[in-house]
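1. Sequence and predicted structure, then a few things I'm wondering about:
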Amino acid sequence: MAEGVARYLCSVAGGRKLKSVKIGLGELQSIDEEVFRFALAELLRVEGCELSEDSVVFVRKPAAFQCRKCGYSWTLNEVGLNDEEREAIHFIPEVVHAYVSCPACGSRDFDVVGGRGVEVVEVVVE
Amino acid sequence: MSGLRRHDEDPRKLLIERRLANVNNVIPVMSPKGGVGKTLISTLMALAIAENNSSVGILDLDVTNPSIHVILNLDPGVKPSEDKGVIPPKVHGIKAMSIAYYTEGKPLPLRGSEITKVVREILAITIWGSLDYLIIDTPPGMSDVHLEILSNVGKARPLVVTTPHILSVYSVRSLLTILKEVGTPIVGLVENMSENPTDVVIDLCREFKIRYLGNVPLESLLALSVGNMTLMKKTRAYSRVAEIIKRLSS
Ligand SMILES: Nc1ncnc2c1ncn2[C@@H]1O[C@H](COP(=O)(O)OP(=O)(O)OP(=O)(O)O)[C@@H](O)[C@H]1O
Ligand SMILES: [Mg+2]
Ligand SMILES: [Zn+2]
């Protein structure tokens, strides 16, 4: 995923210097901040557009769900997931619909209203 | 322009192209009509390509109803390995990727917008390496999966499957019209469940100036051979598809 973000940032920079970036990390994809920071810096170097590691700011986005059948809202704390399930969701967040259903009515028809995956929130170029 | 910008573009889109950079032929198998044999033909194609000593991958993008893993009889314990993406395991000489690796056989109902996200995610994370062919099984219809492929996989060249039945031919006509409108070249059309080429299908190919690749007979052994590749390779259907593959690569 860092690769996609690196390519994207370089395309935004378009030859100019990247000053700072803010990246949202969704709880469902459970990405390790330090690994991501390192990978992103490396990949940016490969793509030929540099940015110092400390100019990357991460914001954690908690996973949040809302039922389309009964309207109930909940977070991951309310449902238990084992390690294998978390790992599967890490690769493809939408498989959360295989492992989680609405705590109020049992429906799997719910929206992931926050904390799905990696998103570039802000880029500042010089 | 400098300064602050909000970012709504999806970084994954930029990855997809790179993941497929060394795949020579990307062939989504499509038909608007359900049950005409897309999944079986996709699998037979991949088997025949592997038998030819060409490198091949198969990608199951019927994400709410995957079945390639059932046909190939994948061991539930085998999973893709992870290394800056996921590397699909090789089975029967085919690199096979499916959402089924991640659902433990549980049902996965998804809204359209989520199907789009899944397709994009799978295309962005899967490391195919170099392949002669990537066969993509698609769900029936002309919806999220197909549109995502047509919009974001520039090198996709669909193969269309139909039966000789009027309802299937009728639906295929609208698919061909859409593909023509967006200028996507089609590798050709396969007529399934048909003992002989039929005029109605041949005429359709003529009308849309696409290749009639061949007919595949209706054969009970084929349905019975699901999960058993040795048996599947003994079917007439397999031989016919192998001929079609030869024709495709010539
Ligand atoms: N040539 C054939 N001879 C006999 N049975 C066939 C043949 N082709 C397909 N079938 C059978 O028809 C059914 C549908 O096939 P398949 O699942 O490949 O179709 P599909 O187009 O992928 O369906 P869907 O639209 O649901 O994805 C299966 O039971 C399959 O075994
Ligand atoms: Mg199918
Ligand atoms: Zn509910």
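-> In hand now; what should we look at? Quantities reported herein were computed from a predicted structural model and do not represent experimental measurements. Numbers count the residues shown, from 1 in each chain, chains lettered A, B, ... in the order given. Ligands and ions are numbered 1, 2, ... in the order given.
2. what sits against the residue lying farthest from the centre of chain A?
-> The outermost residue of chain A, judged against the average C-alpha position, is A:C105 (27.6 Å), by CA atoms, centre = their mean. Taking CB atoms under 8 Å, 6 or more residues apart in numbering or on different chains as the contact definition, A:C105 lies against A:67, A:69-70, A:72. Where C-beta positions appear, they are placed from N, C-alpha and C, glycine not excepted.
3. which of those tops the neighbour count?
-> The most crowded member of the contacts of A:C105, judged by other CB atoms under 10 Å in any protein chain shown, is A:C67 (20 neighbours).
4. Just give me the neighbour total for B:Y238.
-> 25.
5. On the three-state scheme, it is what?
-> Here B:Y238 is helix, with the state taken from DSSP: H, G, I helix; E, B strand; the rest coil.
6. List the contacts of the helix or strand containing A:R60.
-> For A:R60, the element it lies in under DSSP states H and E is strand A:56-61. Applying CB under 8 Å, 6+ apart, the contact partners of strand A:56-61 are A:20-27, A:33, A:36-37, A:40-41, A:114-116, A:119, A:121.
7. Past that strand, which element shows up next along the chain?
-> Following strand A:56-61 in sequence, per DSSP H and E, is strand A:64-67.
8. on contacts alone, who are the packing partners of whichever helix or strand comes after that next one?
-> The element immediately downstream of strand A:64-67 (helix or strand, assigned by DSSP H and E) is strand A:73-75. The helices and strands touching strand A:73-75, judged by 3 or more CB pairs under 8 Å, 6 or more residues apart in numbering or on different chains; DSSP states H and E, are strand A:64-67.
9. buried set for the longest helix seen in chain A?
-> As assigned by DSSP state H, the longest helix anywhere in chain A is helix A:33-47. Neighbour counts over helix A:33-47 (16 or more other CB atoms under 10 Å in any protein chain shown) mark A:36-37, A:39-41, A:43-44, A:47 as buried.
10. per-residue confidence averaged over it?
-> Here helix A:33-47 scores 89 as its mean pLDDT.
11. Give me the residues contacting it.
-> A:1-3, A:5-7, A:9-10, A:18, A:23, A:25, A:50-53, A:56, A:58, A:118, B:84.
12. Quick check: the residue of chain B nearest ligand 2.
-> Relative to ligand 2, the nearest point of chain B is B:T39 (3.3 Å; CB to the ion).
13. can the strand or helix carrying that residue be found next to ligand 1?
-> Element membership for B:T39 (DSSP H and E) is helix B:38-51. Yes: Helix B:38-51 is in contact with ligand 1 by CB under 6 Å from any ligand atom, via B:38-40.
14. Stretch B:170-184 too?
-> No: judged by CB under 6 Å from any ligand atom, stretch B:170-184 makes no contact with ligand 1; its nearest approach is 11.0 Å.
15. residues of that stretch that come out buried?
-> B:171-172, B:175-176, B:179, B:184.
16. what sits against residue 109?
-> Answering for chain A, as no chain was given. Going by CB under 8 Å, 6+ apart, A:D109 touches A:67-69, B:109, B:111.
17. The intended chain is chain B.
-> A:97, A:108-109, B:64.
18. Buried ones only from the residues you listed, please, as a ChimeraX command.
-> Buried subset of the contacts of B:P109, written as a ChimeraX selection, criterion 16+ other CB under 10 Å:
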select /A:97,108 /B:64
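19. Same list (the contacts of B:P109) but as TSV, adding secondary structure and distance to ligand 2.
-> Listed next are these as TSV, based on DSSP: H, G, I helix; E, B strand; the rest coil; distance: CB to the ion, whole Å:
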residue	secondary structure	distance to ligand 2
A:H97	helix	20
A:R108	coil	22
A:D109	coil	23
B:T64	coil	11
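20. of all the contacts of B:P109, which two lie farthest apart?
-> With CB to CB as the measure, no two of those lie farther apart than A:D109 and B:T64, at 12.3 Å.
21. Any stretches of the chain with poor pLDDT?
-> Let's take chain A. Nowhere does chain A drop to pLDDT under 70.
22. Chain B was what I was after
-> Residues of chain B that meet the cut-off, pLDDT under 70, sit at B:1-9.
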